[in-house]
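Engineer: need the 3D shape of this:
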Amino acid sequence: MSDLKKLTDIVIKFRDERDWKQFHGPKDAAISLSLEAAEVLEHFQFKSEKEIKAYIKKNKKEIGDELADVLFWVLTMCHDLKIDPVKAFDAKMVENRKKYPIEKAKGKNIKYTKY
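Structural biologist: The predicted model follows:
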């Protein structure tokens, strides 16, 4: 069993033990995913690059907690929507490699539509 499958099993067991699936439809799960991602952003808001480096050193656990919350919702949604996250990721990376070929994208931070 893959580590991702183990994590998914833990997430779904946690949710189901609490009878929370009734609250976790696709809309609400997507909202929760977005909210948790925003909580990651809060850690960096209004900080300079120098402040961010120091902040990360002092708050790595808290940032990790928020990233774990994001992962919780990603795994929940993948499970409920019957999307294999590994296959979805692999397929997306194939697309990304086509959109952002090394010879055009290397060292640039522009969207592929601007090449």
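Engineer: domain map for this structure?
Structural biologist: 3-83, 84-115 (automatic domain parsing).
Engineer: of those domains, flag the one that's most buried.
Structural biologist: Mean neighbours per residue, mean count of other CB atoms under 10 Å, is largest over those for domain 3-83, with a mean of 13. C-beta coordinates here come from the backbone N, C-alpha and C atoms, glycine included.
Engineer: which SSE is immediately downstream of the longest helix anywhere in the chain?
Structural biologist: Ranked by residue count under DSSP state H, the longest helix found in the chain is helix 49-80. Downstream of helix 49-80, the next assigned helix or strand under DSSP states H and E is helix 85-99.
Engineer: helices or strands up against that next one?
Structural biologist: helix 3-17, helix 49-80 (3 or more CB pairs under 8 Å, 6 or more residues apart in numbering; DSSP states H and E).
Engineer: including mean pLDDT and distance to residue 91, could the ones you listed go into CSV?
Structural biologist: Listed next are the helices and strands packed on helix 85-99 as CSV, based on pLDDT from 0 to 100; distance: least, CB to CB, whole Å:
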stretch, mean pLDDT, distance to residue 91
helix 3-17, 97, 15
helix 49-80, 98, 13
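Engineer: for residue 9, see how far away residue 3 is.
Structural biologist: Look at residue 3 and residue 9: by CB to CB, to the nearest Å, they are 11 Å apart.
Engineer: got a list of contacts for the host helix or strand of residue 33?
Structural biologist: Secondary structure from DSSP H and E places residue 33 in helix 26-42. The contact list for helix 26-42, computed with CB atoms under 8 Å, 6 or more residues apart in numbering, reads 24, 63, 66-67, 69-70, 72-74, 76-77, 80-81.
Engineer: starting at the chain centroid, how far to it?
Structural biologist: Distance of helix 26-42 from the chain centroid (CA atoms, centre = their mean, to the nearest Å) equals 9 Å.
Engineer: mind putting the helices and strands packed on helix 85-99 in a markdown table, distance to residue 108 included?
Structural biologist: Shown next, in a markdown table, are those (distance: least, CB to CB, whole Å):
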| stretch | distance to residue 108 |
| --- | --- |
| helix 3-17 | 31 |
| helix 49-80 | 20 |
